[in-house]
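> Turn this into a structure:
(one chain, ligands or ions: 1)
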Amino acid sequence: MTQLDIESPKHCTAKQPHNSHHHHRHSFINSSSFWKLLSTLFSALLTVILLVWLVLRPSKPSFSLQQASVYHLSLSDSVPAAASFLNSSFQLTFVASNPNSRLGIYYDSLRVYASYQGQQITGLTSFPPFYQDHGEKNLLSASLTGSNLPVAPYFGSEVARDQVSGKLTVRFAVDGRIRWKVGKWVSGKYRMNVECITAMDFGRGLPAGPLTSQQGSRCSTTL
Ligand SMILES: *[C@@H]1O[C@H](CO)[C@@H](O)[C@H](O)[C@H]1NC(C)=O
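Residues are numbered from 1 along each chain as shown. Predicted coordinates for the structure are as follows:
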């Protein structure tokens, strides 16, 4: 009975001016529910990202120094308080491993150099780009050479002091860019820095034989 009453045409005309007002309010409700929908979608997206991150939880690639040798290290005779010039030759092998169980890593542009007491003692050597599957390990070997590199005047006395102690502490620095791979998706590029510090044994010493590092020096990786 009442429903029939509401649908009567008389009632409808009476409601007409009210109706347009109602329409206005309706569109206002619509836009507020639009924002509600948007914020729901946004928080759903954040939840998905968080879940993906929790499931994948990317771990940094880990590096260790398997072997490093110095074959040549010679310093020009310098006038006191002037820079000396250095020639050097190193051979090194890294082990790079991907500890992730679901992520692959593209290594795009790895370069390495050696430094001693904060001074670069070799030029940069590039590794060819490669892909590393999850859980995989790769050996990376490089020859590093320096020719006529300027070093500070105290360089020679630092090396002489290390020679007395029997250990030459050398730092190897790797910089590069990596991309993560999940299924078919590949991330953007991330900058990566690796630093390995190793004490090389003087042994019989240069030039009688190469200086060699201890096995398995750990390196630190920063992304
Ligand atoms: C370094 O090498 C260059 C060219 O190979 C040579 O002219 C220079 O004398 C070398 N310097 C030292 C300190 O051995």
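> The ligand contacts on this structure?
Counting by Cβ under 6 Å from any ligand atom, the chain comes close to the ligand at Ser74, Leu75, Ser76, Phe85, Asn87, Ser147, Asn148. Backbone N, C-alpha and C define where each C-beta goes, glycine included.
> that's a strand at the last one, yeah?
Translated: Asn148. Yes: checked against DSSP: H, G, I helix; E, B strand; the rest coil, Asn148 lies within a strand.
> Give me the local confidence score for it.
With respect to pLDDT, Asn148 has a value of 91.
> ok, what's across the strand from the closest residue to it other than its chain neighbours?
Leaving aside its chain neighbours, Asn148 sits nearest to Phe85 (4.7 Å; criterion: Cβ to Cβ, 6 or more residues apart in numbering). Counting by DSSP bridges, Phe85 is bridged to Pro150.
> dump the residue contacts of Phe85.
Phe85 is in contact with Leu75, Ser76, Ser78, Asn148, Leu149, Pro150, Val151, counting by Cβ atoms under 8 Å, 6 or more residues apart in numbering.
> May I ask which of those has the most neighbours?
Scoring these on neighbours with other Cβ atoms under 10 Å, the highest-scoring entry is Val151 at 23 neighbours.
> List the contacts of that residue.
Listed by Cβ under 8 Å, 6+ apart, the contact set of Val151 reads Leu75, Ala83, Ser84, Phe85, Leu86, Gln119, Ile121.
> likewise Ser126?
By Cβ under 8 Å, 6+ apart, the contact list for Ser126 reads Ser109, Leu110, Arg111.
> Looking at the contacts of Phe85, which is nearest the ligand?
Ser76 (4.0 Å; Cβ to the nearest ligand atom).
> Correct me if wrong: the closest one contacts Ala82.
No: with contact taken as Cβ atoms under 8 Å, Ser76 and Ala82 are classed as non-touching, separated by 10.0 Å.
> picking that back up, mind giving me CSV with the contacts of Phe85 and columns for distance to Lys60?
Shown next, in CSV, are the contacts of Phe85 (distance: Cβ to Cβ, whole Å):
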residue, distance to Lys60
Leu75, 37
Ser76, 40
Ser78, 41
Asn148, 36
Leu149, 31
Pro150, 34
Val151, 32
